[in-house]
Every structure is written in structure tokens, then in C-alpha cells.
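Enquirer: everything below, folded, please.
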Amino acid sequence: MPVISTNTASNSALRYLNINSENQSSSVSKIASGSRITKASDDAAGLAVGTSLKSDITVLNQASTNASHGSSILQSADGAMSSIGDIVQRMRSLATQSLSGSVTNNERGYLDAEFQQLQDEVDGIAKGTRFNDQSLLDGTTQWNTGGVSFRVGTESTDNITVTIANVTTSGLGINTLDVTSSATAAAALTSLDTAVTSLSTARANVGALISRFEFRGEVLSTSIENTSAAQSAIMDVDVATEQSKLASEKVLTQAAIAALSQANSMPENLLSLLR
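Expert: Purely as a prediction, here's the structure:
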């Protein structure tokens, strides 16, 4: 029934114009942001899951960095232990030379001078090998006592604890040795043989931890990749689909504008009947 007091057609056209305009704005926002969910009402459950996955990705990235740091620290410790091992081998050589009957006591004094300097160098390397201003090898820090934990996952239980052996002369039991006589050289050689075994054990433990960090780093890289893919599937916008939807919303918006214009002119057309 044609009426002029209430323009029902105009109200209806305006309502659809608002709906279509809002849908168009939503599509533009999604394309511009690259996210399928720009507000909670788009997908409340998806937003919750996507946010949780994003948090996991952040933690996993840091865990991967932690694993890399752990491996690097242990490699520094292993390099220092390798140098100490070379020094201990040289000390064994000096002790063996001192045991030779062709060496006089004066010459043994010369050998011992180098021997004592090498002892000092072992301690110098052990104390000078540091991370974050803490010595790694001298037995005075948590690296050698309680151990240091590295978080390498998303759970509180995902930790690798690193404990590094004390490889100072006192830790190796070679701090009071000398080669000034055949007797002391023989005792020194026995202690140095034990020190070589201790160093080998310490380096083996460090090597095992390095291997563990490297394998964990690979696992973390895979987890980051898979979690990122899952988060992308939930949160990222399908640009082609959304662009198609935007084109449709544009047509509907333009149609609603045209319909509203026609609806607004209907009362005027009805008034012409009164003329």
C-alpha cells in the first residue's frame, strides 16, 4: 500500500546499506591487516587458539635461542679443555724427560721451571674461560656446583641442566707437582695420567651436552615451523577469497545506495497525485 507518512522501503534499503557497508569495511580491514580475525566476533574460538599458538611460537623462538647459547657456551668450555689437555700432555712429557737417567738435577730444575709455568697456565685458562662474567671451569661458580638450567621448550619441565667439571690444577689433582727429582717426576707422571683421564671424562660430558643441545635445537626449529603453519591457517586471511567477497560487498553496497535513492523519491512521486 503506497503511503507517505512512513517510508518503509527507505528504511529497509538503509538497513541493507548499513549491513553491506559494514561487511565491505570488514573485508577491507582483513585484507589490509592480513588477518582473518580482526575482532573477537569474527571467530572467538579461533582467536583464542591463534593467540595461544602465537604465544607458543614466541616461547619456542626463545627456547631455540637458549639452546644455541647453551651449545656455544659448552663449545667455549670444550675449546679451553682441549688447550688444558695439550698442556697436561706437555707436562707429562716433561715428567718423563725428568725420569731419564741422562738428565742431571740442574737440567731437571730447568724442566721444572717450565713445568711450574704450565701449571699456572692451566689455572689461567680455567679461570679466564668465562660467560656473563662467571668462570666456567675453575670450580667457583654454579656452572661447576649446582649446574645451570636452560629452558628449551614451552613447559616448565623442558630444561637441560649444564654442569661443567672443575679443571684447575687443584681440580685435576696436579697443583702440587714438580719434576725436580726422579721421585717427584714419577709421582707427577702418575697424577698427570689420572688428570688426562679426568679431562677426557669432562670433555666427553661436555660433548654429550653439546650434542643434546644441537638435537633439541633441530626439534625446536621443526616445532616453530609446524606451530607457525597452524597459527597461520587459523589467523591469516585468504586474500583471494576475501578479495572476491569484497567485490561482492561493493556491488551490494552500490545496489543498496541506488535502492535507497529510489526509495527516498517514492513519497515525492506519491505527492504528485495530489496536484
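Enquirer: what mean pLDDT does the strand or helix carrying residue 113 have?
Expert: In this assignment (DSSP states H and E), residue 113 forms part of helix 105-128. Helix 105-128 shows a mean pLDDT of 95.
Enquirer: following element in sequence after that helix, please.
Expert: For helix 105-128, the following helix or strand on the C-terminal side (DSSP H and E) is strand 130-131.
Enquirer: mind listing the strands the helix or strand just after that following strand pairs with, and their directions?
Expert: The helix or strand immediately downstream of strand 130-131 is strand 134-135, counting by DSSP H and E. Sheet pairing here is set by DSSP bridges, and for strand 134-135 it gives strand 130-131 (antiparallel).
Enquirer: contact partners of the helix holding residue 113?
Expert: By Cβ atoms under 8 Å, 6 or more residues apart in numbering, the surrounding residues in contact with helix 105-128 are 80, 83-84, 87-88, 90-91, 94-95, 97-98, 103, 135, 137-138, 166-169, 171-172, 174-175, 177-181, 185, 188. To be clear about C-beta, it is placed using only N, CA and C from the backbone, and glycine gets the same treatment.
Enquirer: out of those residues, which are buried?
Expert: 80, 84, 87-88, 91, 94-95, 97-98, 103, 135, 137-138, 166-169, 171-172, 174, 177-180, 185, 188 (16 or more other Cβ atoms under 10 Å).
Enquirer: in helices, which of these fall?
Expert: Using DSSP state H, the subset of the buried ones among the contacts of helix 105-128 located in helices is 80, 84, 87-88, 91, 94-95, 97-98, 169, 171-172, 185, 188.
Enquirer: if you count neighbours, what's buried in the helix holding residue 113?
Expert: 108, 111-112, 115, 118-119, 121-123, 125-126.
Enquirer: what of stretch 45-56?
Expert: Using 16+ other Cβ under 10 Å as the test for burial, stretch 45-56 gives 47, 50, 53, 56.
Enquirer: do the same with stretch 73-85
Expert: Counting neighbours by 16+ other Cβ under 10 Å, stretch 73-85 gives 73-74, 76-78, 80-81, 84-85 as buried.
Enquirer: quick one: low-confidence parts of this protein?
Expert: Along the chain, the parts satisfying pLDDT under 70 run over 1-7, 9-10, 13-14, 16-17, 26, 246, 256, 260, 263-275.
Enquirer: number of residues surrounding residue 249?
Expert: Residues near residue 249, counting by other Cβ atoms under 10 Å, number 20.
Enquirer: make sure it is indeed in a strand.
Expert: No: going by DSSP: H, G, I helix; E, B strand; the rest coil, the assignment for residue 249 is helix, not a strand.
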